[in-house]
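Enquirer: no sequence on this one, just coordinates:
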């Protein structure tokens, strides 16, 4: 990649390979669209106006909604312009005044969430959960390898990284009790996931093909699907998870454009049986994202996204095969990312085998599920071009006691 | 109830007892908020401005969103004003110019749908479905009488009554096949339901009590949760319905305010076991809505909403007990309304016992599930004050062939 006139440290979190989009505020003025580069944030709307860029309107709103809706040609144009502005010294004088210190900004939910769908696409995760929740049955249900299983979540409780999470309260039925009991969840968990946001909509009644993924999906981010395992276990038959998930879902504030992930694309794991034709594509959409999960600063897992059985492109095709429309701002998530190794599991349900094998932390404490005050942070990187690194930043959240 | 200076036929669909809110267009101008009265629609924004009403801004938008957000004191004030304007002859001169013929308007989706939750609250429906889908098990799952089971649906495919419904395509696995097959759904169904829309939001981390129902819920309407039984049967274990439901949900265009239903409130069926305290209220919120389902003009069912095991007030309390927030525009629906009698079942899955007992229609044809070209219409009425009738209008839709 070319060098920038901006002083970007070689090990900087956000080099030119990433250039993710977010929404920030400083002390003065309302929320605006920013691009993270090195230890700075570029005020994209102001820079685009100063440059007289044709896409200035699409990046001058209070969030990413207009950019998402603008479609792939505009997304490509913005990214190309950013690379030119930040590398060609002729642009320095106009662009530099619109950079602010990243440490000084507050980040926000970057777009308006329309629908939110959560998938269940890691074979390792689904197998582990099946063994834990339904020990008397085959761990994978008969449909699992034929379709990417998913369900709708609550979009109104998708929150920005850093938002505190109040421990949920509700019904649970311990095996030792004859009837359900009421109280704070005793098995509060995370799910380390990767999220995707739709930019270009599709009309009701039409399908989106696997190969059209990059025309519809704008970007990728990290997502923590906070989960109450005791609420979930009692409620989820027969219509799926509801209150066990709906209290909060946290997302990372920097949206990495799909275009930044060309060097991260890999073949997904072999699929057997071969999926139906509508789930086949001509291009690989496995993504080599390497996640890291930290609890109170201690690394507890390294989930490998490249191991996911179903790709985001297959999920998009499946989600629309029945004619369901897509809207700008629709979010869908991968489901918990877990690899084959115990150290690659993306939730505490698996990491502690339903609480039976507590995690011992370096500070001498043990964990089964989350305690009040615990802070969980998920990060990820992926290969960029020419040995560079694409960075996803982080999604973090701290548990507050139940009310 | 007092008489109106407007000529409202004694058997008119929308007398003064209902005064529902909707969004309409005429040949000229954009969408606006209307109130149905007799065979007219009142342009509510124009009338409120002409009257100098303090709530004029809340009813002058292109949809009901601002009125929903305005909160119960404003809802009460608007309804009280409408009753005064339409009955006291002193208002006739100012109000009459803002009435248009109802037959001349086009009706639209009345508000922006935030999240959409679908419940499963009829014991008769859940028992029938359990017998059909899981014949080897108890029909009601162990949790069913302890909590109102629900799940999130797709808010982006909630459409106005009259929208054509394209038959969905997808995977299904007939029992005779070793692997799933792909194609148009062969078991397309309806679900006759009652929908509720939230006006006043609640913050994340807080619960809404059963007794606070009328402070948060603005109004009630009819909802057809179109369902593909073959897609659903193959996909729904373990995370619940997804593509079997997400292709379309139709809603009636006139929203009946909760305040119009005082005379329709009844005790719900006895609950045994007694629900946990957070699901108990001091006031009855059963609602005596009498639904009617027509297929191509022939009445096929009379589902009684008063028979629902869980009330909308209990559903609201359950949905928020874990701290999930409410947003203005959140929709939740009752689940299929079915009574104890075969003629009271609210979907074809039950009416034809999974296709084994076809319905014979007066025109000599038979039906198991819906055929292309079929039109389904759901209507409902409820008792109003002084022997009047509250009318919910209709939700209707016609099946187009798969693409």
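Expert: Right, received. Where do you want to start? All of these numbers come straight from a predicted model, not from anything done at the bench.

Enquirer: now the residue of chain A found nearest chain B. Nearest residue, chain neighbours left out?
Expert: Evaluated by CB to the nearest CB, chain A has residue A:240 as its residue closest to chain B, separated by 2.3 Å. Where C-beta positions appear, they are placed from N, C-alpha and C, glycine not excepted. Closest residue to residue A:240 apart from its sequence neighbours, by CB to CB, 6 or more residues apart in numbering or on different chains: residue B:240 at 2.3 Å.

Enquirer: could you do residue A:183 as well?
Expert: Per CB to CB, 6+ apart, closest to residue A:183 is residue A:169, 6.3 Å.

Enquirer: may I have the beta-bridge partners of that neighbour?
Expert: Assessed by DSSP bridges, residue A:169 has beta-bridge partners residue A:184.

Enquirer: so it makes contact with residue B:318?
Expert: No. Residue A:169 lies out of contact with residue B:318 (CB atoms under 8 Å); the separation is 11.6 Å.

Enquirer: so between these two, which is more surrounded?
Expert: Neighbour comparison, residue A:169 and residue B:318: the larger count goes to residue B:318, with 29 against 21 (by other CB atoms under 10 Å in any protein chain shown).

Enquirer: residue contacts, that one?
Expert: Residues near residue B:318 by CB atoms under 8 Å, 6 or more residues apart in numbering or on different chains: A:243, B:147-148, B:150, B:278-279.

Enquirer: helix or strand: which one has it?
Expert: Assigned by DSSP states H and E, residue B:318 falls within helix B:312-320.

Enquirer: can you check residue A:245 too?
Expert: Assigned by DSSP H and E, residue A:245 falls in helix A:243-246.

Enquirer: what sits up against that helix?
Expert: Helix A:243-246 is contacted by residues A:118, A:153-154, A:157, A:168, A:170, A:225-233, A:235-236, B:152, B:318-319, B:321-322, B:324 when judged by CB under 8 Å, 6+ apart.

Enquirer: residue numbers of the stretch 51-200 of chain A in contact with chain B?
Expert: A:114-115, A:117, A:120, A:130, A:133-134, A:141-143, A:146-147, A:149-157, A:159, A:166, A:168-171, A:173, A:179-180, A:182 (CB under 8 Å from any CB of the partner chain).

Enquirer: do me a favour and average the pLDDT over the lengthiest helix in chain A.
Expert: What stands out as the longest helix in chain A, according to DSSP state H, is helix A:72-87. Across helix A:72-87, pLDDT averages out at 98.

Enquirer: do the same with stretch A:122-130
Expert: Mean predicted confidence for stretch A:122-130 is 97.

Enquirer: roughly how far is it from the heart of the chain?
Expert: How far stretch A:122-130 lies from its chain's middle: 19 Å, per CA atoms, centre = their mean, to the nearest Å.

Enquirer: pull the residues that contact it.
Expert: A:120, A:137-141, A:144, A:149, A:269, A:307-309, A:334-340, A:344-347, A:349-350, B:238.

Enquirer: filter the residues you listed down to the buried ones.
Expert: Buried by 16 or more other CB atoms under 10 Å in any protein chain shown: A:120, A:139-141, A:144, A:149, A:307-309, A:334-339, A:344-347, A:349-350, B:238, out of those.

Enquirer: mind checking which of the residues you listed land in helices?
Expert: Among the buried ones among the contacts of stretch A:122-130, DSSP H puts A:349-350 in helices.

Enquirer: show the pLDDT at the residue nearest to residue A:31 when sequence neighbours are not counted.
Expert: Spatially, and ignoring its direct neighbours in sequence, residue A:31 is nearest to residue A:62 (4.6 Å; CB to CB, 6+ apart). On pLDDT, residue A:62 comes in at 98.

Enquirer: wait, residue A:307 touches residue A:269, no?
Expert: Yes. Contact criterion CB under 8 Å: residue A:307 and residue A:269 qualify, at 6.3 Å.

Enquirer: now do the strands in the stretch 301-403 of chain A.
Expert: Along the stretch 301-403 of chain A, the stretches classed as strands by DSSP state E, counting those that start in this stretch are A:331-333, A:359-360, A:366-367, A:375-383, A:389-400.

Enquirer: now render these as a markdown table, adding mean pLDDT, mean neighbour count and distance to residue A:300.
Expert: As requested, the strands of the stretch 301-403 of chain A are exported to a markdown table (pLDDT from 0 to 100; neighbours: other CB atoms under 10 Å in any protein chain shown; distance: least, CB to CB, whole Å):
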| stretch | mean pLDDT | mean neighbour count | distance to residue A:300 |
| --- | --- | --- | --- |
| strand A:331-333 | 98 | 26 | 20 |
| strand A:359-360 | 96 | 13 | 6 |
| strand A:366-367 | 96 | 14 | 8 |
| strand A:375-383 | 98 | 22 | 9 |
| strand A:389-400 | 98 | 21 | 14 |
